[in-house]
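[1] Prediction below, plus the sequence it came from.
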Amino acid sequence: MWLKQLSVLNFKNYSETSLEFLPEVNAFTGNNGVGKTNLLDAIHYLSLCKSYFNPIDSQHIKSGNDWFMVQGEFDKESNSDVISCSLKKNQKKQFKKNKKDYPRLADHIGLFPLVMISPNDSIIITDGSEERRKFVDNVISQTDNKYLDTLIIYNKFLAQRNSLLKQARQSNVLDLGLIEILNFQLEEVGNIIFAKRRTFMEEFQPEFDRHYEFLTEDAESVQLRYESPLMSDSFLNILAKNLERDRILERTSQGIHKDDLIFTIHGGMPLKKFGSQGQQKSFLIALKLAQYSYLQQKKGFKPLLLLDDIFDKLDDRRTHKLMQMVSDDDFGQIFLTDTDSKRIQRIFDEINRPVRIFGIEGGQVNV
């Protein structure tokens, strides 16, 4: 699978531009702040129906305009599909495949899988468990179109239970019959999500280990572990045990919405506190490369790989190891950004891979 062409209108800092790509490597180069990453984000829109960086769609409309459009042509197994995303202010986002609207955006997720590696990924390590759950859910959603629906249903039941707990705190009366019904509903969908996350991690973990060992030449020992309260007790028991606490907090304090990934180094020390910047970067890149391998195995073809400003974030040894994987044809089409076009040309000349370089300056593109 590869993206043949991309067009953007009134998107972020671009008024209008249209680009044609190589099926191998395409690079956007230029100074910081000129719009290189915005083109990666346009590609992310076409794959996952949203921005990688900002969930508020209306904020991607170019200043002074009231709409934007992103359109791309994908080639998959010799079949071409034109995907378009458009948004007008104060209206619903429209997503189309070959000029036909999707009944639900969830029906598009996973058709054109993608992996993005960005400096923003550091929040997976530094922020709370929500970011790590988002990572897991994003990967699974690209391989299982029912998973996203199950998550939505779970969050609906969770919101209803939290609302009931809040009302009980105010009135000092809790409807135990309704709580019991919501507990059963949460358990039913929660167990499905837990089972899928656990199966995912069993398949994902060996891929992560393989990529980290390759990138770092097995320089240090790191661990990746999935943690969930459902590993030690049933969902109904967890909800029952925590009911009084939940009444005080006015929210459901335990459940699969508290699942986490635990990152450790040096035999169990938290990576966030005890890992160097280089070790944390290697961990994140291995995490994303494992995502790529997992998606490729599940989909049967190579996803797109987007690398945002990655060469400035890696030392020469890790850059060489990453490019070695590229030259070994482990990846399909790659899009990357960098401030130095000469560096990009030199890197790909050294591994004898073609690259198309687009120079970006103030929302204008030069090939």
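    Received the coordinates, thanks. Residues are numbered from 1 along each chain as shown.

[2] can you give me the helices in this protein?
    Taking DSSP state H, the helices of the chain run over residues 36-48, 123-126, 129-141, 145-171, 176-216, 235-241, 243-249, 271-274, 277-299, 316-327, 341-350.

[3] Single out the most deeply packed of these.
    helix 36-48 (a mean of 23; mean count of other CB atoms under 10 Å). The C-beta positions use only the backbone N, C-alpha and C, and glycine is treated the same way.

[4] Kindly export it (C-alpha atoms) in CSV.
    Output of helix 36-48 as CSV, limited to C-alpha atoms (Å, rounded to 0.1, in the frame of the first residue of the first chain):
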residue,chain,number,x,y,z
LYS,A,36,6.7,20.2,7.2
THR,A,37,4.8,18.4,10.0
ASN,A,38,1.5,19.8,8.8
LEU,A,39,1.8,17.6,5.6
LEU,A,40,2.5,14.5,7.8
ASP,A,41,-0.7,15.4,9.8
ALA,A,42,-2.7,15.7,6.5
ILE,A,43,-1.6,12.1,5.7
HIS,A,44,-2.6,11.1,9.2
TYR,A,45,-6.1,12.6,8.7
LEU,A,46,-6.5,10.4,5.5
SER,A,47,-5.6,7.3,7.5
LEU,A,48,-7.2,7.8,10.9
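
[5] hmm, back to that, Serialize the helices of the chain to TSV and add fields for mean pLDDT and distance to residue 25.
    What follows is the helices of the chain, written out as TSV (pLDDT from 0 to 100; distance: least, CB to CB, whole Å):
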stretch	mean pLDDT	distance to residue 25
helix 36-48	96	13
helix 123-126	94	25
helix 129-141	96	24
helix 145-171	93	30
helix 176-216	95	19
helix 235-241	96	46
helix 243-249	94	51
helix 271-274	93	30
helix 277-299	92	15
helix 316-327	75	7
helix 341-350	89	6
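
[6] Out of the ones you listed, the one nearest residue 76 is which?
    Among the helices of the chain, helix 277-299 comes nearest to residue 76, with 9.9 Å by CB to CB.

[7] re the thing from before, now tabulate the helices of the chain in TSV and tack on distance to residue 3.
    Output for the helices of the chain, formatted as TSV (distance: least, CB to CB, whole Å):
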stretch	distance to residue 3
helix 36-48	6
helix 123-126	25
helix 129-141	19
helix 145-171	21
helix 176-216	24
helix 235-241	42
helix 243-249	46
helix 271-274	34
helix 277-299	15
helix 316-327	17
helix 341-350	18
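
[8] okay, now residue 91: neighbour count?
    Using other CB atoms under 10 Å, residue 91 has 11 other residues around it.

[9] Residue 172 now?
    The local packing of residue 172 (other CB under 10 Å) involves 7 other residues.

[10] what's the pLDDT at it?
    Here, the pLDDT recorded for residue 172 equals 84.

[11] swap in residue 313?
    65.

[12] Ok, residue 19 next?
    97.

[13] distance of it from residue 131?
    Residue 19 is 31 Å from residue 131, where distance means CB to CB, to the nearest Å.

[14] Same check on residue 56?
    Distance from residue 56 to residue 131, by CB to CB: 18 Å.

[15] picking that back up, so which of the helices of the chain comes closest to residue 80?
    Nearest of those (CB to CB): helix 36-48, 13.6 Å.

[16] Next, the angle from that closest one to helix 129-141.
    Per axes from the mean of the first three to the mean of the last three CA atoms, to 10 degrees, the angle that helix 36-48 makes with helix 129-141 is 50 degrees.

[17] Need the contact partners of helix 36-48.
    Applying CB atoms under 8 Å, 6 or more residues apart in numbering, the external contacts of helix 36-48 come out as 3, 6, 8, 11-14, 19, 28-30, 50-53, 60, 70-72, 74, 83, 85, 109, 112-114, 116, 118, 138, 142, 304, 306, 308-309, 335, 337-338, 358, 360.

[18] Just the buried ones from those residues?
    By neighbour count, with 16 or more other CB atoms under 10 Å, the contacts of helix 36-48 hold 3, 6, 8, 11-14, 19, 28-30, 50-52, 60, 70-72, 74, 83, 85, 109, 112-114, 116, 118, 138, 142, 304, 306, 308-309, 335, 337-338, 358, 360 as buried.

[19] Any idea what the spatially closest residue to residue 22 that is not a sequence neighbour is bridged to?
    Taking CB to CB, 6 or more residues apart in numbering, and ignoring the residues beside it in sequence, residue 22 has residue 356 as its nearest neighbour in space, at 4.6 Å. Beta-bridge pairing for residue 356 (DSSP bridges): residue 26.

[20] wait, isn't residue 356 in contact with residue 367?
    Yes: at 7.1 Å, residue 356 counts as touching residue 367 under the criterion of CB atoms under 8 Å.

[21] who has more neighbours, these two?
    residue 356 (13 against 8).

[22] list the contacts for the more buried one?
    21, 22, 25, 26, 27, 367.

[23] Tell me which of those residues has the lowest pLDDT.
    residue 367 (75).

[24] so what pLDDT did the residue nearest to it when sequence neighbours are not counted get?
    Using CB to CB, 6+ apart and skipping the chain neighbours, the partner closest in space to residue 367 is residue 358 (5.7 Å). With respect to pLDDT, residue 358 has a value of 97.
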